[in-house]
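Asks: pasting a predicted model and its sequence here:
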Amino acid sequence: MRIAIGQLWQETNTLNPLPTTRADFEPLGIYFGDELLTKLADVNEPGGFIQSVRQWPENPELAGLARFAAWPSGPVTPDTIAELLTSILDRLRTALPVDAVYLALHGAMVAEGMPDVEGELLRQVRALVGPRMPVVASLDLHTNVTRQMVEQASALVLYHTAPHIDVCETGQRAAAALRHILIDRAVVVTAFQKLPLVAPAERANTQDPASVSFKFRECLQRAEADPDILCAGLATVQPWLEIPELGSAVIVTSTYAPKALRLCRDLAEQLWQQRRGYLPELTDLPDAVRLAHAEPDGLVVLGDAADSTNSGSTGECTAIVSELTRYDWPRPALTTMVAPYAVEEAQRQGVGARYTADLGGVRDRRFSTPIRLDVEVANLFDARFTLTGHIGKNMPIDMGPAAVLKHGNVHLLVTTRSGPHFAPDFFRTAGLDPFAAQVLTAKSPCGFRAAYQDHAKKIYMVRSPGCAPSDFWNHPYLNIPRPLWPWDEIDAWAPEPVLIA
C-alpha cells in the first residue's frame, strides 16, 4: 500500500502589489521525494499526517512528491504556478501506482489567471489517479472553498481553530479521514454550502468563550466525534481576495447523507445569523498609541491587521512607527517593517552608527507613506527561528538578514523578507524581550493572541493603512460575486446545501 504526499501552501492577498515568484518559496523550504518525508516528519499538517499513518498496522509506504510553501503575499506569477503544478503532478505520475493521495494545501492561493489554484491542482490530480482513488486534502480555516475543490477531493479537512493552533492535529484528522475511506472502505458524500458573506478575522478567536467563533469550534469538534461524520469544516475565508467565487463555506463529509445535509444547513444558518458578531472593533491609531503610552506598567499590544504579514500585506507601512516616535517611552516600544533596503543601509552603516533613514514607499506605494527618521543601528541579526504556535509546529522561519533601528526607545525591527512579524521568538532573536516592552506591534488580525493574550495588559486593534484592511468592505472590489455581505446588506438568505458524492 502506497500513499503519495505533497504540499502547496500560500495564502494570497490580491490587494498586495508584489507578485509571488519561485524565489518566495525557498525560505520555507522546497523539498522533493524522501526529503519531504524527512524534513516535514514533525512539521505542521504533513507532520501530523505522516506520524499518524506510520502508526497504522498496515504500515503503508509513503511516497513524497513535492513541497512548496511561501509566506502570504501577492498573486503567484503564471510561470511560477505552472512550474509548481507541473512539479507536483510529474512526481505523482512517476510515483504511480499509489493507493491514495494526501495534499497539504492552504485553500486561498491565487495565481494570475488562475483564481482557484487548489481546485485546479485537485482536478489535475483526479485526472491522473481516476475517479475512485481516495484524495484527501487539509486546508486552512480561511480557505476559499470552491465547488471544484469539493468535487475533486474525497474529503477536505479544515483547521478548527483561529488562532491556528491545531495545524498538526489537522494533519492527524486528515489521516483519520483517509483511513476510513481507504482501509474501512467507507462510502462518503459531502454536503457543501457556499454563503454570500465574508467574515472579518479580528474577532474570530475560537479559543475565547466570548468570541462568536468559540461555539462553532465546539460544534465542529462534537460533530467529528460522531462515527458517521468523517470531517466537518467552517471556512470564514481570506477576505483580501478579489476573485469570482469569494465567500465563506460549510462542508461536511459523512457516510450518511441526511446527517451531512442537516449539519451543513444548521452550521450555515448559524453563521449567517451571527455574521455581525464578526465585525471588528477598531481604535484609531493615534488614540491607541496614546492609550499605550499612558499605561505605566504591563504590555500593550497593537494589532496591526491592515499591514499584517500573516494576511499577505507588504509589511512596509510606516503609520505606526511614525505615531510611536511622537512619544518618549519609559520602556521599549517594539514595531516591525519588511524593508530590505533599510537592512542593507543598516549593514553599510554598522552597529552603533547614527544616521537618517529613509523608510517606506518602496515596495508598497499605495499604502506605505515614505518617512525620514533619525536612527541608531542597535543590532544586526539573522531573523531565523522555529515557529511553534499560531500557524506552525516546528516550522523553520527565515526572514533573512535584519536590523534593529532605534529612535529613542522605539525599536524598529526591519527584515529582508516577510514572515511572522508577531512571533515572540522573532523579537527574542533580535535580542529583545517582547513581554517586557511597554507597547508592541503585532502584524496580525487575530493569530497573535495565541502568544500575547495571557501576557498583555491591553490589546487594541488599530485602524491603520495596509493591504489587509479590517474594514475591507469599504474598499472597491471589482471582481467578486454580488450581493456579498458586508459589502451589501442582504434582506433574506436561507441555506440550500448541495450533496456531492
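Replies: It's in. None of the values given here were measured: they were computed from a predicted structure.
Asks: now the helix or strand encompassing residue 156, how far from the chain's geometric center?
Replies: Assigning secondary structure by DSSP states H and E places residue 156 in strand 155-158. Relative to its chain's centre, strand 155-158 lies at 16 Å (C-alpha atoms, centre = their mean, to the nearest Å).
Asks: swap in stretch 467-484?
Replies: On C-alpha atoms, centre = their mean, the centre of stretch 467-484 falls 19 Å from the chain's centre.
Asks: with stretch 30-49 instead?
Replies: In terms of C-alpha atoms, centre = their mean, the centre of stretch 30-49 is found 19 Å from the chain centre.
Asks: buried residues in it?
Replies: 30-31, 36-37, 39-40, 43-49 (16 or more other C-beta atoms under 10 Å). In short, each C-beta sits where N, CA and C put it, glycine included.
Asks: restricted to helices, list those.
Replies: Using DSSP state H, 36, 37, 39, 44, 45, 46, 47, 48, 49 are the members of the buried residues of stretch 30-49 that sit in helices.
Asks: out of the residues you listed, who's nearest residue 400?
Replies: Comparing those against residue 400 with C-beta to C-beta places residue 39 closest, at 19.7 Å.
Asks: just give the closest residue to that closest one, not the sequence neighbours.
Replies: Leaving aside its sequence neighbours, residue 39 sits nearest to residue 31 (C-beta to C-beta, 6 or more residues apart in numbering; 5.1 Å).
Asks: what's the distance between the residue nearest to residue 56 when sequence neighbours are not counted and residue 105?
Replies: Residue nearest to residue 56 in three dimensions, not counting chain neighbours: residue 179, with 6.8 Å by C-beta to C-beta, 6+ apart. Taking C-beta to C-beta, to the nearest Å as the measure, residue 179 falls 19 Å from residue 105.
Asks: comparing the two, which shows the higher neighbour count?
Replies: residue 105 (25 against 20; other C-beta atoms under 10 Å).
Asks: okay, now the domains of the protein?
Replies: What automatic domain parsing lists as the domains of the chain is 2-278, 283-470.
Asks: the shortest one spans what distance, first to last residue?
Replies: In other words, domain 283-470. Across domain 283-470, the terminal residues are separated by 11 Å (C-alpha to C-alpha, to the nearest Å).
Asks: cool, and the first one?
Replies: Its first and final residues considered, domain 2-278 spans 43 Å by C-alpha to C-alpha.
Asks: quick one: it to chain centroid distance?
Replies: With C-alpha atoms, centre = their mean as the basis, domain 2-278 stands 12 Å off its chain's centre.
Asks: now the helices for the stretch 101-250 of the chain?
Replies: Taking DSSP state H, counting those that start in this stretch as the criterion, the stretch 101-250 of the chain contains helices spanning 117-129, 147-152, 167-182, 214-224.
Asks: which of those sits most buried?
Replies: Sort these by mean neighbour count, taking mean count of other C-beta atoms under 10 Å, and helix 167-182 sits at the top with a mean of 23.
Asks: so which elements touch that helix?
Replies: When contacts are defined as 3 or more C-beta pairs under 8 Å, 6 or more residues apart in numbering; DSSP states H and E, helix 167-182 sits against helix 44-53, strand 100-105, strand 135-139, strand 155-158, strand 229-235, strand 392-407.
Asks: can you list contacts of it?
Replies: By C-beta atoms under 8 Å, 6 or more residues apart in numbering, the surrounding residues in contact with helix 167-182 are 1, 3, 44-53, 56, 99-100, 102, 104, 134, 136-138, 154-155, 157-160, 186, 188, 224, 230-231, 253, 255, 391-393.
Asks: one more time with 7 Å
Replies: Residues outside helix 167-182 that contact it (C-beta atoms under 7 Å, 6 or more residues apart in numbering): 44-49, 52-53, 56, 99-100, 102, 104, 134, 136, 138, 154-155, 157, 159, 186, 188, 230-231, 391-393.
Asks: ok, the longest strand seen in the chain: who's next to it in the sheet?
Replies: Ranked by number of residues, the top strand in the chain under DSSP state E is strand 371-389. If you go by DSSP bridges, strand 371-389 pairs up with strand 354-359 (antiparallel), strand 392-407 (antiparallel).
Asks: which non-adjacent residue is nearest residue 498?
Replies: Using C-beta to C-beta, 6+ apart, the nearest residue to residue 498 is residue 192, at 5.5 Å.
Asks: so that neighbour touches residue 495, yeah?
Replies: No - look at residue 192 against residue 495 with C-beta atoms under 7 Å: they stay out of range, at 10.6 Å.
Asks: and these two? Which one has more around it.
Replies: Set side by side, residue 192 and residue 495 show more neighbours around residue 192, with 25 against 19, by other C-beta under 10 Å.
Asks: residue contacts, the closest residue in space to residue 299 that isn't next to it in sequence?
Replies: Using C-beta to C-beta, 6+ apart and skipping residues adjacent in sequence, the residue nearest residue 299 is residue 456, 5.0 Å away. Shown in contact with residue 456 (C-beta under 7 Å, 6+ apart): 299, 300, 301.
Asks: how far away is the first one from residue 364?
Replies: Going from residue 299 to residue 364 by C-beta to C-beta gives 28 Å.
Asks: need the strands for the stretch 351-500 of the chain, in chain order.
Replies: Applying DSSP state E, counting those that start in this stretch to the stretch 351-500 of the chain gives strands spanning 354-359, 371-389, 392-407, 410-415, 439-442, 456-463, 498-500.
Asks: quick one: residues in contact with the first one.
Replies: In other words, strand 354-359. Residues from elsewhere that reach strand 354-359, judged by C-beta under 7 Å, 6+ apart: 318, 337, 339, 342, 345, 349, 370-376, 405.
Asks: try it again at 8 Å.
Replies: Residues outside strand 354-359 that contact it (C-beta under 8 Å, 6+ apart): 318, 321, 337, 339, 342, 345-346, 349, 370-376, 405, 412, 414.
Asks: count of neighbours near the nearest residue to residue 457 once chain neighbours are set aside?
Replies: Distances taken as C-beta to C-beta, 6+ apart place residue 298 nearest to residue 457, at 3.1 Å, with adjacent residues excluded. Residues lying near residue 298 (other C-beta under 10 Å) number 13.
Asks: does residue 298 touch residue 458 like I think?
Replies: Yes - with contact taken as C-beta atoms under 8 Å, residue 298 and residue 458 are classed as touching, separated by 7.5 Å.
Asks: can you give me the offset of stretch 342-352 from its chain's centre?
Replies: Distance, centroid of stretch 342-352 to centroid of chain: 31 Å (C-alpha atoms, centre = their mean).
Asks: okay, buried residues for that stretch please.
Replies: Buried residues in stretch 342-352, counted by 16+ other C-beta under 10 Å: 342, 343, 345, 346, 349.
Asks: of those, closest to residue 484?
Replies: Of all the buried residues of stretch 342-352, residue 342 has the smallest distance to residue 484: 38.2 Å, by C-beta to C-beta.
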